[in-house]
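Undergrad: Quick one: sequence and predicted model below, then my questions.
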Amino acid sequence: MVATIDAPAHGTRSEGPSRALVLGALGVVFGDIGTSPFYALKEAAHAAGRGSAPSPDALLGVLSLILWSLIVVISIKYCIFILRADNRGEGGIIALLALLGVRRVQPGSWRIHLVLLGLVGTALLYADGTITPAISVLSAVEGLTVDSPQYETYVVPITLVILAALFSVQRMGTGWIGGIFGPFMLVWFAILGILGLRGILAAPDVLAAINPSYAVAYVVSANLSVTLAVLAAVFLAVTGGEALYADMGHFGRSPIRAAWFLVVMPGLMLNYFGQGALLLTDPTAAESPFYHLAPDWAHYPLVALATMATVIASQAVITGSFSLTQQAIQLGLLPRLRVIHTSSHERGQIYVPFVNWALAALTLGAVLGFGSSSRLAGAYGLAVSFDMAITTILATFVALHWGHRPILVYLLNGFLLVVDLIFFAANTTNLFQGGWFPLLIAIATAFMMLTWRRGQQLVNQVRSHLRISPKDFLQQLQANPPIRIPGVAIVMSASASGIPATLLHHLKHNRVLHERVFLVSVQVLDVPTIPDDKRLELVPIGAGITRVILRFGFTEKPNVPAALRSVAHRHGALALDPDTATYYVGRQTVVAARAQAGMALWREMVFAMLNRNAELTADYFCIPAPQVVEIGSSVEI
């Protein structure tokens, strides 16, 4: 979070809030928060009334809390300030970790605690990706029971069918459906506003809740346990705020701000106040105030529209999990997973099979285990409120790193952190009512990230002892020259220094060397993308050997043949055809050793398992299988 001052200029795109970008932001960024009216006020009113209809003063207090929570958390924190903390236009916790130099932090440094926080925040986003589809689709389908209670037994099966179908079509890519997201959500927010306005006209006294004194009076006068329960439910109205920040790289900050202030916030507030007006005049509508806002003839069409809106919200969260996974892999926080690009012209359209089916299993399990949106509400808020607090903490250090005035950073971010922690404290009351579920997912994911990161550091330490210097290698070649054969060899090297063990093993066992050898190292930097003219660096070594350093951003797919092909014609020293060269890649088998001073043996065994199941180096770097020679070795950690 950057206090009052724009981030240093570092190549962000020009951000004109064009109508196309604003429409796109409506379809992708605001799907989650746009479905909150299904359950947020219903749960808050239920908590305020302790299971019955709340009093008019309590209802006005709840409405005022929702309004000012949206203003403080979404409008002020995210739209005005957090969106300024970007990494070359990219946002989200992964971007904050990149700005804090996650790859350069060594064990023992105090900054490792920030990395740990960031990993927990990243893991919580996966938990969000599990809960959002479950609670959103469940709450929409539950609309069937408002007029027809006999349909209650069909709610869970229908929800499971919809979610199973949604996860099943992910492999087809999102381009075929993405074109309708924005226009539909524009219509959706218009419907929210119209329904709300209809309720407000019936009881305009509800507008008194705009006065924040109602919120303060309610918090001060209510019982502490009730206040915490209400705040936990009110927080459901702001879930989805992280999406504003995480999706900034796709649309830019200005279109997101324009969409929020011009379309989303007016539609949400009209609907919340319309629901409140309905409860003032008809307290019996408390079991589903959202659907009771609509006239009887529009009930079932509204259920269909609501279900479509929840599918869009779920789709945005699922594809966001795919992008998050790719970025985490690039930053060395997760093992290499298979990433499928579903579009040849859109970089961001990807599909990660493992993540898709893991989310599907957890989401369907959540629907079966909890059975209703009310039970899932307790599980939802805890993960998101903790994630928002972590974002504020990390962004504070980014603001200080960028040189902003500490007093301003501490005052502003301190206030926002207090708000985050109040909501987090309120949501901890739901720990045993479902809040344990996303925390369990987050803990497991964060543990895997920490184990993978530490294991990679240990493997790199071992590899560094296996490499020799270029000078020593050239002396060995001169003293004991191998047979030189025609052609080009491309040897993949994990390090941009020394001679890789893969080449040493090849020479030791085969005693031959191509006439021209390129040692290719791939570096993923803490920026989203790398310009083509900065992509490659050549370092001549001698004896026909050249080191090639390829640089990629953490949002880019490291396609080595394509990168070499695109720059070969601009570098005379790189006159090679990547499509005819032979690629040598290493494949390390990690062995957990009790005698080594690394991690606990059981963690080393977990890392070894992750390493065995990681995507092969050649596949990850998009190297054609017929051109690959794989050389195996074992590494003890």
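TA: Cool, got the structure. Numbering: from 1, shown residues only.

Undergrad: Poorly predicted segments of the stretch 201-350 of the chain, please.
TA: Per-residue confidence for the stretch 201-350 of the chain (pLDDT under 70) gives these ranges: 343-349.

Undergrad: What ranges does it have for its strands?
TA: 340-341, 350-351 (DSSP state E, counting those that start in this stretch).

Undergrad: Most tightly packed of these?
TA: Mean neighbour count (mean count of other Cβ atoms under 10 Å) peaks for strand 350-351 among these, with a mean of 19. Glycine gets a C-beta too; all of them are placed from N, C-alpha and C.

Undergrad: thinking again about what came up before, pipe the strands of the stretch 201-350 of the chain into TSV and attach distance to Asp247 per row.
TA: Formatted as TSV, those follow (distance: least, Cβ to Cβ, whole Å):
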stretch	distance to Asp247
strand 340-341	19
strand 350-351	15
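
Undergrad: Can you say which of the ones you listed is nearest to Ile74?
TA: strand 350-351 (27.8 Å; Cβ to Cβ).

Undergrad: And that closest one, how far out from the chain middle?
TA: Its chain's C-alpha centre and that of strand 350-351 lie 14 Å apart, by Cα atoms, centre = their mean, to the nearest Å.

Undergrad: partners of that strand, with directions?
TA: strand 340-341 (antiparallel) (DSSP bridges).

Undergrad: Now do the helices in the stretch 51-200 of the chain.
TA: Taking DSSP state H, counting those that start in this stretch to define them, one finds helices in the stretch 51-200 of the chain at 56-69, 93-99, 112-141, 144-147, 152-168, 175-202.

Undergrad: How about residues contacting the second one?
TA: Contacts of helix 93-99 from elsewhere in the structure, counted by Cβ atoms under 8 Å, 6 or more residues apart in numbering, are 85-87, 115, 118-119, 121-122, 125, 246, 249, 324, 327-328, 331, 333, 387, 390-391, 394-395, 398, 401, 526-528, 554.

Undergrad: Among the residues you listed, name the buried ones.
TA: Among those, those buried by neighbour count (16 or more other Cβ atoms under 10 Å) are 85-87, 115, 118-119, 121-122, 125, 246, 249, 324, 327-328, 331, 333, 387, 390-391, 394-395, 398, 526-528, 554.

Undergrad: Quick check: which element contains Arg587?
TA: With elements taken from DSSP states H and E, the one containing Arg587 is strand 582-591.

Undergrad: ok, the residue of the chain most remote from its centre - contacts?
TA: Distance from the C-alpha centroid of the chain peaks at Ala479, with 53.4 Å (Cα atoms, centre = their mean). Residues near Ala479 by Cβ under 8 Å, 6+ apart: none.

Undergrad: what about the nearest residue to Gln327 once chain neighbours are set aside, how many residues close to it?
TA: Distance criterion Cβ to Cβ, 6 or more residues apart in numbering; nearest residue to Gln327, sequence neighbours excluded, is Ile94 at 4.5 Å. Neighbour count of Ile94, defined by other Cβ atoms under 10 Å: 29.

Undergrad: His299 now?
TA: 16.

Undergrad: re the thing from before, right, so of the helices of the stretch 51-200 of the chain, which gets closest to Thr451?
TA: helix 112-141 (10.6 Å).

Undergrad: quick one: average pLDDT of that closest one?
TA: In this model, helix 112-141 has an average pLDDT of 87.

Undergrad: Please state the offset of the strand holding Arg587 from the chain centre?
TA: For strand 582-591, the distance to the chain centre is 30 Å (Cα atoms, centre = their mean).

Undergrad: strands paired with it, and their directions?
TA: Applying DSSP bridges, strand 582-591 is found paired with strand 483-493 (parallel), strand 628-636 (parallel).

Undergrad: downstream neighbour of it in the secondary structure list?
TA: Criterion used, DSSP H and E; the element after strand 582-591 is helix 601-613.

Undergrad: show me the residues around Ser374 that make contact.
TA: Ser374 makes contacts with 39, 42-43, 46, as judged by Cβ under 8 Å, 6+ apart.

Undergrad: From Leu114, how far off is it?
TA: Going from Ser374 to Leu114 by Cβ to Cβ, to the nearest Å gives 36 Å.

Undergrad: for Val226, same thing?
TA: Remark: distance between Val226 and Leu114 (Cβ to Cβ) = 36 Å.

Undergrad: With neighbour numbers in mind, choose between the two.
TA: Leu114 (21 against 16).

Undergrad: The more buried one reaches Leu100, doesn't it?
TA: Yes - between Leu114 and Leu100 a contact is recorded at 5.7 Å, counting by Cβ atoms under 8 Å.

Undergrad: Can you check which residues contact both of these two?
TA: Between them, Leu114 and Leu100 share the contacting residues 394, 397, judged by Cβ under 8 Å, 6+ apart.

Undergrad: Can you tell me the strand partners of the lengthiest strand in the chain and which way each runs?
TA: In the chain, with assignment by DSSP state E, the single longest strand is strand 512-525. Paired with strand 512-525 in the same sheet, following DSSP bridges, are strand 483-493 (parallel), strand 545-553 (parallel).
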